[in-house]
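3D model of this:
(chains A and B)
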Amino acid sequence: MINELLKPKFLKDCIDTKQLLIASLWAYCRHFNPHQCSHHEEAYIYLVIGFIQSLQDPQLGKMLCQGLDDVMMRNVPISDRAARLEVEGGQHFYRLRNESDLVFNRVMFPLMPYAAVFMKKSLEKYIEEQSCTVSFLSKKCHGLLPQPQIRMDEDTEEIRHQEEEVKRETPSQSRF
Amino acid sequence: MQNQRLKVKESKQVDPSKNRIIKPNDPRIQQAPEAGLTKLPPEIPTALSPYLENRDFVNLSRSCVTLYSGTHEKRSLIQLLNAILHDDLSTISKVLDTYPQLLFAIPEDFGIRQIGSHYTRLQYLTEGESVFSMTQKLNLVHIVEVMFTYFFNELVRVRECDEKGGASELEKLFIMKVPTLEEQKGIREKYIQDFLSAPIAAILADTTIRVDVRKIPGTTCSYEKIIRYTNFDK
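Residues are numbered from 1 along each chain as shown, chains lettered A, B, ... in the order given. Next up, the predicted model:
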């Protein structure tokens, strides 16, 4: 999995890391028993989810450092510590030292099934907000909200006023 | 005799400025514009560039005005690409304020064929992609938001100039789409099958696995074992 994810790839084939993180949380809830805290479960949390977490872009990384649930659901602003991409213990969010550290990425929440559900919801909300931004930008780009249209409307209003004035004047002229 | 010896000693003393050891971190003395190094003919940079890595070429360009002036835009592009991957919004704005044309620049034309983040360690090939399209394909919405002001200014400028087909061509450059909920579900299932099912099966099959949470990040799992679990190809 590591080789597959880290090998250089074309942008058209690039992996949506946010969807991959959600998928890893879905798989966690599906395959592991919530009432039994086993070594298998913890191995999956730290080795797979932790690793996938380290693939997220720095914007989401900062939110994870601050607490994704807090940022998305309670509008907590990103602190200086989170902006430096540091977790609460002062450890860096991304493993920068050596290759072997790569897989031991710390998980940003006490992962239990209910926490995974909260995180899924927060992530889905984050993606939803992003999609709203994208749709707004695309509307703006394709001419639904540009400034020139407003000018056009003003012009048409002026034309209407002029037409109305002409209509008012024409009956008086006809009397003569 | 003593006077003679003193005279000999004085004659042997060398000018201290000649023997000065130049350290690599010392401030560099600015060269005169007519210095030999700056008079490179334009053929030399073009001849050198295929044999040098991008980083080496950029480092070399700091020692020569000809190379420096030729690579300034390229260095700004490298700075911009790094800022995109490392979420440095202020640098993106600064570079695009100076060089708004870099938004539509194709890194491949500048000899940049691969970009990578030192945070995530993900590597991307930049074949045929512009900076704007790359940012969109990487789904970096907040960076696209910053770039969009420059893109929209260009769009308005082209519309006002009434260039035939120019505005519609520019509009086509905005390709960003977020998948629908149904599509997202499909992507997740695909990812579970492609990347996650094999490690899960391997972890569940191993009865000897032990993870001591208190010792994280140094777990009791050996590195080789982890690679075996997570390496999908093997």
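
Quick check: buried residues in stretch B:112-132?
Across stretch B:112-132, burial judged by 16 or more other C-beta atoms under 10 Å in any protein chain shown covers B:112, B:115, B:117, B:119-122, B:124-126, B:129-132. Where you see a C-beta, it was placed from the backbone N, CA and C, and this is true even at glycine.

For chain A, name the helix or strand with the lowest mean pLDDT.
helix A:147-175 (a mean of 54; mean pLDDT, DSSP states H and E).

Serialize the buried residues of stretch B:112-132 to CSV and add fields for pLDDT and secondary structure.
What follows is the buried residues of stretch B:112-132, written out as CSV (pLDDT from 0 to 100; DSSP: H, G, I helix; E, B strand; the rest coil):
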residue, pLDDT, secondary structure
B:Ile112, 84, coil
B:Ile115, 88, strand
B:Ser117, 86, coil
B:Tyr119, 84, coil
B:Thr120, 84, coil
B:Arg121, 83, coil
B:Leu122, 86, coil
B:Tyr124, 89, strand
B:Leu125, 89, strand
B:Thr126, 86, coil
B:Glu129, 88, coil
B:Ser130, 90, coil
B:Val131, 91, helix
B:Phe132, 91, helix
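
Go ahead and confirm B:Val158 touches B:Leu170.
Yes: contact criterion C-beta atoms under 8 Å: B:Val158 and B:Leu170 qualify, at 5.8 Å.

ok, those two, which is more surrounded?
Higher neighbour count among B:Val158 and B:Leu170: B:Leu170, with 20 against 17, using other C-beta atoms under 10 Å in any protein chain shown.

The more buried one and B:Arg157 touch, don't they?
No: with contact defined as C-beta under 8 Å, B:Leu170 does not reach B:Arg157; the gap is 9.6 Å.

Which pLDDT value goes with residue 8?
As the question left the chain open, I've gone with chain A. pLDDT, A:Pro8: 79.

nope, chain B
55.

Show the model's pLDDT score for residue 113.
Answering for chain A, as no chain was given. The score at A:Pro113 is 63. That number is its pLDDT.

Oops, wrong one, chain B.
Confidence score, pLDDT, at B:Arg113: 85.

Let me see the domain layout of chain B.
Using automatic domain parsing, the domain ranges for chain B come out as B:36-171, B:181-230.

In TSV: those domains, plus distance to A:Met119.
Shown next, in TSV, are the domains of chain B (distance: least, C-beta to C-beta, whole Å):
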stretch	distance to A:Met119
domain B:36-171	19
domain B:181-230	14
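
averaging pLDDT over each of the ones you listed, which comes out lowest?
Of all the domains of chain B, domain B:181-230 has the smallest average pLDDT, which comes to a mean of 71.

follow-up on the earlier one: from the buried residues of stretch B:112-132, pick out the ones that also neighbour chain A.
Subset of these in contact with chain A: B:119-122, B:124-126, B:129, counting by C-beta under 8 Å from any C-beta of the partner chain.

and which of these is nearest to A:Cys141?
A:Cys141 lies nearest to B:Glu129 out of these, by C-beta to C-beta, at 18.7 Å.

Next, that closest one: phi, psi?
Dihedral pair for B:Glu129: phi -110, psi 140, per degrees, to the nearest 10.

residues near the closest residue to it other than its chain neighbours, how many?
In this structure, B:Glu129 finds its nearest non-sequential neighbour in A:Leu11, 5.5 Å apart by C-beta to C-beta, 6 or more residues apart in numbering or on different chains. Counted by other C-beta under 10 Å, the residues lying close to A:Leu11 total 18.

next one: B:Glu43
8.

And it, how close does it get to chain A?
Using C-beta to the nearest C-beta, to the nearest Å, we find B:Glu43 at a distance of 33 Å from chain A.

what does B:Ile203 give?
Taken as C-beta to the nearest C-beta, the span from B:Ile203 to chain A is 5 Å.

again with B:Pro179
From B:Pro179 to chain A the distance is 8 Å (C-beta to the nearest C-beta).

Hmm, B:Ile187 and that residue touching each other?
Yes: B:Pro179 is within contact range of B:Ile187, at 6.5 Å (criterion: C-beta under 8 Å).

Those two: which has the busier surroundings?
B:Ile187 (18 against 15).

looking at it, that one is touching A:Gln19, isn't it?
Yes: contact criterion C-beta under 8 Å: B:Ile187 and A:Gln19 qualify, at 4.9 Å.

Can you give me the buried ones in the helix or strand A:Lys120 falls within?
Per DSSP states H and E, A:Lys120 falls inside helix A:113-141. Neighbour-count burial for helix A:113-141 flags A:116, A:118-120, A:122-123, A:126-127, A:130-131, A:133-134, A:137-138, A:140-141 (criterion: 16+ other C-beta under 10 Å).

Noted, bye for now.
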